[in-house]
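Visitor: One predicted model, sequence on top.
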Amino acid sequence: MANCYKSKEKISLTMKKNVLLIQPKFFENFHIKPPIPLMYIAAVLENNGFNVTIIDTNIEKDYIKKITDYIKNKKPEYVGISVMIGLQIISAKLISQKIKKTNPQTNIVWGGPFPTCEYELVIKEPYVDIVVIGEGEDTFLELVKNKDKNLIKGIIYKNKNKIVLNTSREIIDINQLPPPAFHLVKMKKYQAAYVHMTRGCPFKCSFCHISSTGPFRGKTPEKMMEEVSLIIRNGFTKIDFRGEAQLCNKQIIETFCSLIRKNNLSLTWTSWAHVKYLKNKEYVRMLAANGLRQVLIGVESYSTEKRRELKKYFSNEELFQTLKNCKEAGIYAILIFIIGYPKQRKDDINKILDFADLIEKQYGFQSLISVYKNYPLTKLSKRHRKKNLEEWAYTPFFIKSINRAPKNINTLECISHSFHYKQIYEEINKSRASLMIKFLRFIATKRCKYRMWKFPVEIYLKKIKILGSVFIEKIKLI
Ligand code: B12
Ligand code: SF4
């Protein structure tokens, strides 16, 4: 690991060079969270004397002007763009093209989960100069410090007419990283903040790709407390812990909880969680006593055997024990199931929906049904290849995303959408639910009750709306 996180003395040498980091648009109706990956990178750059600006295009209305003004006035040598699979690719592409048009000298660097999987495809794009593969903190710092590219691990780049792939980089010691640069984003614009106690994941579910941050490892309780305190200072009292292995190290979490008590923090938190850890009753009680209010559990299917097919290993008995523990401790559980993966039968989907109903009846917990998407580098997709970025951008959302799926994509999405609207949406927007949301919720409830997935007009409308905003964005950026 490069020892470059706290080198204030190097500031004068770098003469406060400007660096721009951009989070492209998602287009979908997510509850957008602060661009944490970029904030980690920004913190490292700032500690090394760089002037960093982060533009989150999801919250900045006139972001095109802000980006082009920045390029014209501040002339950054490097612009870093964070990209996930899906429509965000289109936004990243348009923004990159706009930057190159404004100043062709700017080096455009793509990083994040998507370029990490598809670096060979991404580097072929004329507007991308460098792709950072994997964790970005050390690699991007070396780039902006103008270290000889030949010697920078973890990149693929263009050298005149050649494409050069360097050796991969060793993983970062996450306990040495400075906390994310909260001061560089408008935290008030976000509805929730999230943190990662861990990077990577110790599990290997066959439908999931989580390798952009390397193998599994966790933060110390003190490190977690440092980040949580910073979020609280930014006005949040509710924090979301992301990643299913967040609660896996009982000892670390216990110490973290004792720090919450010691510091007298009135904090509530939600977390992703794995049944493997929550089946322990005492542990769940302790978590509840220290502010855990909601858990998201990836249940995926209705039986131990079906789960095993997806390389997710826990039994229904363990699941029921977990749900009982949560209910008794006053923690609300949201269960997540997956439908439409290769070889899943129509009958399996119906059984999942029945299982979700059963859990609602017995425990009062709701389920989300997510549609399988063929992402690169998962065991199920077997290095599924696509010809260009557009295919990766659109297929998860619109066409042929699911090879050999037992049902039509619109039907699957209608199931997913209805389960979502049936409860979560209303819950989140309780105070602000518009008439339209109430109407959609009404339809969703009926669809779920009668298992009526025909004529999914909502899905067509949703897609038209999303495609419409992609189209408008294209016009604005051309
Ligand atoms: C929070 C989150 C979201 C939030 C985004 C939060 C935000 N910033 O607004 C929301 C809810 C919007 C979201 C949406 C989606 N997400 Co998401 N999300 C996550 C999650 C849980 C955490 C991301 C994170 O902060 N990670 C921690 C940071 C430190 O890691 P990182 O993001 O990989 O960043 C590091 C490196 O990648 C790199 N890096 C990242 N950006 C950049 C930029 C530069 C310039 C450089 C140099 C380096 C670099 O450096 C970072 C620090 O080391 C991850 C799972 C996970 N645990 O990582 C999934 C994950 C990233 N999401 C994923 C997916 C699939 C989606 C969706 C497509 C889901 C969907 N609709 O089906 C959408 C995207 C829609 C779109 N593209 O339009 C996948 C990505 C797969 C892929 N290969 O692209 C992941 C890995 C989950 C999974 N296992 O499937 N997501
Ligand atoms: S689905 Fe969850 S538990 Fe499974 S590998 Fe992905 S992040 Fe880990």
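Guide: Happy to help now that I have it. Ligands and ions are numbered 1, 2, ... in the order given.
Visitor: Return the residues of the protein in contact with ligand 2.
Guide: When proximity is defined by CB under 6 Å from any ligand atom, the chain lies next to ligand 2 at 201, 203, 204, 205, 208, 210, 244, 298. Heads up, the C-betas are built off the backbone N, CA and C, glycines and all.
Visitor: Could I have the buried ones of these as PyMOL selection syntax?
Guide: Here is the PyMOL command that selects the buried residues among those (16 or more other CB atoms under 10 Å):
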select buried, resi 201+203+205+208+210+244+298
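Visitor: Looking at the residues of the chain next to ligand 2, which are in strands?
Guide: Residues of these located in strands (DSSP state E): residue 298.
Visitor: if we look at ligand 1, which of the residues of the chain next to ligand 2 are close to it?
Guide: Contacts with ligand 1 within the residues of the chain next to ligand 2, counted by CB under 6 Å from any ligand atom: 208, 210.
Visitor: farthest-separated two in the residues of the chain next to ligand 2?
Guide: Largest separation among those by CB to CB: 204 and 298, giving 12.9 Å.
Visitor: what's the average pLDDT for the one helix or strand residue 305 maps to?
Guide: Following DSSP states H and E, one finds residue 305 within helix 304-309. Over the span of helix 304-309, the pLDDT mean works out to 96.
Visitor: Quick check: what element follows it along the chain?
Guide: Counting by DSSP H and E, the next helix or strand C-terminal to helix 304-309 is helix 316-329.
Visitor: what's that next one packed up against?
Guide: Counting contacts by 3 or more CB pairs under 8 Å, 6 or more residues apart in numbering; DSSP states H and E, helix 316-329 packs against helix 275-278, helix 281-289, strand 292-300, strand 332-339, helix 346-363.
Visitor: please redo it, this time with the cut-off set to 10 Å
Guide: helix 275-278, helix 281-289, strand 292-300, helix 304-309, strand 332-339, helix 346-363 (3 or more CB pairs under 10 Å, 6 or more residues apart in numbering; DSSP states H and E).
Visitor: Run the chain-centre distance for it.
Guide: 27 Å (CA atoms, centre = their mean, to the nearest Å).
Visitor: Name the residues of that helix that are buried.
Guide: For helix 316-329, the neighbour count (16+ other CB under 10 Å) marks 316, 319, 321, 322, 323, 325, 326, 327, 329 as buried.
Visitor: mind putting the residues you listed in CSV, distance to ligand 1 and pLDDT included?
Guide: Rendered in CSV, the data for the buried residues of helix 316-329 read as follows (distance: CB to the nearest ligand atom, whole Å; pLDDT from 0 to 100):
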residue, distance to ligand 1, pLDDT
316, 24, 97
319, 21, 98
321, 26, 98
322, 21, 98
323, 23, 98
325, 24, 98
326, 21, 98
327, 26, 98
329, 24, 98
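Visitor: need the contact list for residue 385.
Guide: Taking CB atoms under 10 Å, 6 or more residues apart in numbering as the contact definition, residue 385 lies against 118, 121, 376, 391.
Visitor: Over to residue 94?
Guide: Contact analysis of residue 94 by CB under 10 Å, 6+ apart lists 24, 25, 64, 127, 470, 473, 474, 476, 477, 478.
Visitor: Which one (most neighbours) among these?
Guide: residue 24 (28 neighbours; other CB atoms under 10 Å).
Visitor: Looking at stretch 355-365 now, give me its mean pLDDT.
Guide: On average, stretch 355-365 scores 96.
Visitor: Burial check on the residue in the stretch 301-450 of the chain that ligand 2 sits nearest to, number of neighbours?
Guide: Residue nearest to ligand 2 within the stretch 301-450 of the chain: residue 312 (6.2 Å; CB to the nearest ligand atom). Number of residues near residue 312 (other CB under 10 Å) recorded here: 23.
Visitor: Compute the distance between it and residue 129, please.
Guide: 39 Å (CB to CB, to the nearest Å).
Visitor: re the thing from before, is it true that the residue of the stretch 301-450 of the chain closest to ligand 2 touches residue 274?
Guide: Yes: Residue 312 is in contact with residue 274 according to CB atoms under 10 Å; the separation is 9.0 Å.
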